[in-house]
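**Q** Model the structure of this input:
(one chain, ligands or ions: 1)
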Amino acid sequence: MKKDLLSIDDLSADEIYRVLDTAEAMREIGERPIKKVPTLRGKTVVNLFYEPSTRTRTSFEIAEKRLSADTLNIAVQASSVQKGETLADTAMNIEAMSPDMIVIRHSSSGACNLLSRICKSRIINAGDGLHEHPTQALLDAFTIKQHKPSIEGLKVAIVGDLLHSRVLRSNVLLLTKLGAHVFVSGPPTLVPRGIEQLGVTVATVDDAVRDADVVMMLRIQQERMQGAFFPSLREYYNLFGMTTERVSRAKPDVIIMHPGPMNRGVEIASEVADGPYSVILEQVANGVAVRMAVLYLLAGGVENEAAA
Ligand code: CP
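**A** Numbers count the residues shown, from 1 in each chain. Predicted coordinates:
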């Protein structure tokens, strides 16, 4: 693997499968009475989150602790960022304390690339602006693999706020790389121009969901919207919300996914989110195993163990 994980484009199809296979082994550690192995003993991982997070931050910290790394969570709200320190200065000061890895979430799409250029530490993108969220796509693929024999050839419908979604971009890159057929749907104002160039089909919600193996719902990201992209949340729900009736058009063994946090009653009905086809909490659980795999492989994987 490359030094950093900034984008799904950093991984070949073989490397993606290597992460997913390693995550399978890591998942078993989470089922033991003592959920800890010494693999990253002596390594220091800094979690630097400039944007709110529940799932990603928590699962990275649990993953780091299960691998025995020394973890440090920088609370940006209580740091010198509040005194105006730049991202580059913050990064170089953290770097001066010799961490091995920095996990960063930031509202700016270029933040991870900046850290990658100026830091010797390995950089893991935990979500940067509208750009990418690679570990989310990896945990989504791991979850799909648990339910389907192969990702290749699946019909995957991704529905919602496509314009503001870094989860969309990482998933499209990963799923098309592994041979899935990706259909996307959302209000015209929330469909990025030229998205077809990524190898997806833009469709109505009904065409996207019809006979789908996987339906992935995306959150309406109101915090990133300036102005009205659609008339009302009620109308959005009527036109694009995943209801039981819409789910019935997909394959009988469809799985329903959502990266979270969910807007219940906006992009997804509660009876779908909590219903028999939903794997949403499995995605959260799998986030720990997949992030353990990423940390382990970036730290050197078996080469690291051989040198120990
Ligand atoms: N899926 C996801 O990134 O959730 P959080 O924002 O809670 O980390």
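**Q** quick one: contacts for Leu67?
**A** Lys36, Val37, Thr39, Leu40, Met292, Leu295, Tyr296 (Cβ atoms under 8 Å, 6 or more residues apart in numbering). Using the backbone N, CA and C atoms, a C-beta is placed for each residue, glycine as well.
**Q** Dump those into a markdown table; add neighbour count, distance to the ligand and secondary structure as well.
**A** Shown next, in a markdown table, are the contacts of Leu67 (neighbours: other Cβ atoms under 10 Å; distance: Cβ to the nearest ligand atom, whole Å; DSSP: H, G, I helix; E, B strand; the rest coil):
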| residue | neighbour count | distance to the ligand | secondary structure |
| --- | --- | --- | --- |
| Lys36 | 12 | 23 | coil |
| Val37 | 15 | 24 | coil |
| Thr39 | 20 | 24 | coil |
| Leu40 | 25 | 21 | coil |
| Met292 | 28 | 16 | helix |
| Leu295 | 27 | 16 | helix |
| Tyr296 | 24 | 20 | helix |
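**Q** Of those, which is the nearest to Leu154?
**A** Met292 (25.3 Å; Cβ to Cβ).
**Q** Give me the pLDDT for that closest one.
**A** pLDDT for Met292: 98.
**Q** And for Pro231?
**A** pLDDT, Pro231: 76.
**Q** List phi and psi for it.
**A** phi -60, psi -40 (degrees, to the nearest 10).
**Q** Give me the domain ranges for this protein.
**A** 8-133+287-298, 134-284 (automatic domain parsing).
**Q** So which of those domains is nearest Met1?
**A** Nearest of these (Cβ to Cβ): domain 8-133+287-298, 5.4 Å.
**Q** could you redo the domains of the chain as CSV and give each row distance to Lys2?
**A** As requested, the domains of the chain are arranged in CSV below (distance: least, Cβ to Cβ, whole Å):
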stretch, distance to Lys2
domain 8-133+287-298, 5
domain 134-284, 12
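**Q** which one among the contacts of Leu67 gets closest to Phe240?
**A** Taking those together and measuring to Phe240 by Cβ to Cβ, the closest member is Met292, at 34.7 Å.
**Q** I'd assumed Ala23 was in contact with that closest one.
**A** Yes. When contacts are counted by Cβ atoms under 8 Å, Met292 is listed as touching Ala23 (7.1 Å).
**Q** Below-threshold pLDDT in the stretch 101-250 of the chain: ranges please.
**A** 226-227 (pLDDT under 70).
**Q** what about the strands in it?
**A** Here the stretch 101-250 of the chain has its strands, by DSSP state E, counting those that start in this stretch, at 101-106, 122-128, 155-159, 181-185, 201-202, 214-217.
**Q** where does this structure come near the ligand, residue by residue?
**A** Residues of the chain lying close to the ligand (Cβ under 6 Å from any ligand atom) are Ser53, Thr54, Arg55, Thr56, Gly127, His133, Gln136, Pro259, Gly260, Pro261.
**Q** List only buried entries from those.
**A** Ser53, Arg55, Thr56, Gly127, His133, Gln136, Pro259, Gly260 (16 or more other Cβ atoms under 10 Å).
**Q** give me every residue that touches the last one.
**A** Put plainly, it is Gly260. Counting by Cβ under 8 Å, 6+ apart, Gly260 has contacts Thr54, Arg55, Arg219, Ile280, Gln283, Val284.
**Q** repeat for the second one
**A** In this structure, Arg55 makes contact with Pro259, Gly260, Val284, Gly287, judged by Cβ under 8 Å, 6+ apart.
**Q** What are the boundaries of the helices in the protein?
**A** With helices called from DSSP state H, the chain shows them at 13-29, 55-66, 87-95, 111-118, 134-147, 166-177, 205-209, 233-240, 244-247, 270-273, 280-298, 301-307.
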